[in-house]
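[1] Next come a sequence and a model predicted from it.
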Amino acid sequence: MFDILWRGLAIGAGATILMDLWAIVLTKFFGQTAPNWAPVGRWFWHLRRGKIFHDSIADAEPYAHELALGWISHYAVGILYGVIFALIMGQGWLAAPTFLPAWIFGILTVGAGWFLLQPGLGIGWAASKHPTPNKVRCFNLLAHTVFALGLYGTALIIR
């Protein structure tokens, strides 16, 4: 069990790092706005008070360390996904990783963003209140595909 857990931690961290490298590439070479983890940190901060959904997270009471909390939360969730995936797939997949299960899992994790985080931030279900919801959705799917590549690639490296 310990073997599955440490591998899950590693593949979750590796996948999150790859996702962040992807964001840097999009920012530097394709003019995309860099991810801002401060609103996510503010959202996580307000969860402790039981407030899940906001009309606009920008209107919620600020938290002094929300950017740091956002980054920590981003990595904590990515690592948690890695552990969950490793527990689901087990030693067999960890010994001989294949991309398809990682990709399916990566796409499924978009659901947490679309149906919990985005409405929590006030941008609606699957970014429906965002000025360009389809663009956001496409970039979410691409980012989580890169996350899946990170799960798979990290698993290959540590097998």
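    Nice, I can see it.
[2] all helices for this structure, in order.
    Along the chain, the segments classed as helices by DSSP state H run 2-30, 38-47, 66-95, 99-112, 118-121, 133-158.
[3] now for those helices, which one comes closest to F53?
    When the helices of the chain are compared by C-beta to C-beta, helix 118-121 sits nearest F53, at 5.5 Å. For glycine as for every other residue, the C-beta is placed from the backbone atoms N, C-alpha and C.
[4] packing partners for that closest one?
    Packed against helix 118-121 by the contact rule (3 or more C-beta pairs under 8 Å, 6 or more residues apart in numbering; DSSP states H and E) you find helix 38-47.
[5] just checking, what packs against the helix it packs on?
    Applying 3+ C-beta pairs under 8 Å, 6+ apart, we find helix 38-47 packed against helix 66-95, helix 118-121.
[6] Put together CSV for the helices of the chain, with mean pLDDT and mean neighbour count on each row.
    Below are these laid out as CSV (pLDDT from 0 to 100; neighbours: other C-beta atoms under 10 Å):
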stretch, mean pLDDT, mean neighbour count
helix 2-30, 97, 17
helix 38-47, 98, 21
helix 66-95, 98, 17
helix 99-112, 98, 16
helix 118-121, 98, 21
helix 133-158, 98, 19
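[7] okay, those in TSV with distance to A127 next?
    Compiled in TSV, these are given as follows (distance: least, C-beta to C-beta, whole Å):
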stretch	distance to A127
helix 2-30	17
helix 38-47	13
helix 66-95	17
helix 99-112	11
helix 118-121	5
helix 133-158	4
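[8] Among the helices and strands packed on helix 38-47, which comes closest to G150?
    helix 66-95 (8.6 Å).
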